[in-house]
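[1] Could you look at this predicted model? Sequence included:
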Amino acid sequence: MATAELPMTGRHVAGLFIAAIIGLYAPASSACECLWEGSFAEVAPESDLVVLGSIARKKGNAIDVEVDVTLAGPEWESSLRVWLKTGAYCRPESDQFDEGQRLVLALKKLTKLPDDSFNPSTPNISYGRIGDYELSSCGGYWLTVEGLRASGNLVPGMPRYSHEPEMSPVLVGHLIAYLKGAASLESLVAASEEDPELEALRRDSRGFLRGLPPVDLEAEPEAKPE
């Protein structure tokens, strides 16, 4: 039995109709487009709150942060809810972080919400709540802390949109001194460029020299036997 074919115009309209139906059920694009706002050293001074703390809990696209030290902003904050990526919001994915992980976070406070910020069918996934904070992915807004050192996109000149560039971890105390105005940006850059193997060699050398007897530089050298 021959199959009747739609005219070219009819097939075009039918194709558009099918595409429109598919578009209704296709998930919204999660692509984020933003300009790079700078390294941590550049964005932290403009942030509403900068803290050193640990992730106490992950829930949906949010993390609850227990604050150890407030580095800039309101001093009364002891625990925070920080909202991460959902949809096309320019924030890091929640699976980039783990419970118990220590971080330095430069945060923006949520003061207004978009019209589509909350979906009652997914209450744990949303833009956030007024009074909470958001973490942006459009700059070096967070650093990972291990022991007493922090690493991440710390200083100008590091690759854009890279949150784990190669660098030498910097002492958290040095970072705090920079934020408080007691250390220069140049010193922070120099610390991030130090070769950790060279520093370890220096420490080993100092330790070795401490174990040697003192040397009298004014003493005449002993004559070598002929």
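    Right, received. Where do you want to start? Fair warning: this is a prediction, and the values are worked out from it, not measured in the lab.

[2] all strands in this protein, in order from the N-terminus.
    49-59, 62-72, 79-83, 102-109, 133-134, 142-146, 149-151, 170-171 (DSSP state E).

[3] Number of residues surrounding the nearest residue to Gly152 once chain neighbours are set aside?
    Sequence neighbours aside, Leu143 is the residue nearest to Gly152 in space, at 3.8 Å (criterion: C-beta to C-beta, 6 or more residues apart in numbering). Any C-beta I mention is one placed from the backbone N, CA and C, and that applies to glycine too. Leu143 has 24 neighbours, counted by other C-beta atoms under 10 Å.

[4] Hmm, Leu135 and Leu143 touching each other?
    No. At 11.8 Å, Leu143 does not count as touching Leu135 under the criterion of C-beta atoms under 8 Å.

[5] Dump the strands of the chain into TSV; add distance to Cys90 and mean pLDDT as well.
    Shown next, in TSV, are these (distance: least, C-beta to C-beta, whole Å; pLDDT from 0 to 100):
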stretch	distance to Cys90	mean pLDDT
strand 49-59	18	96
strand 62-72	16	95
strand 79-83	12	94
strand 102-109	11	97
strand 133-134	9	96
strand 142-146	14	97
strand 149-151	22	97
strand 170-171	26	96
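
[6] now the residue lying closest to Gly139 once chain neighbours are set aside: how far from Val43?
    In this structure, Gly139 finds its nearest non-sequential neighbour in Glu37, 3.7 Å apart by C-beta to C-beta, 6+ apart. Note on Glu37: its distance to Val43, by C-beta to C-beta, to the nearest Å, is 5 Å.
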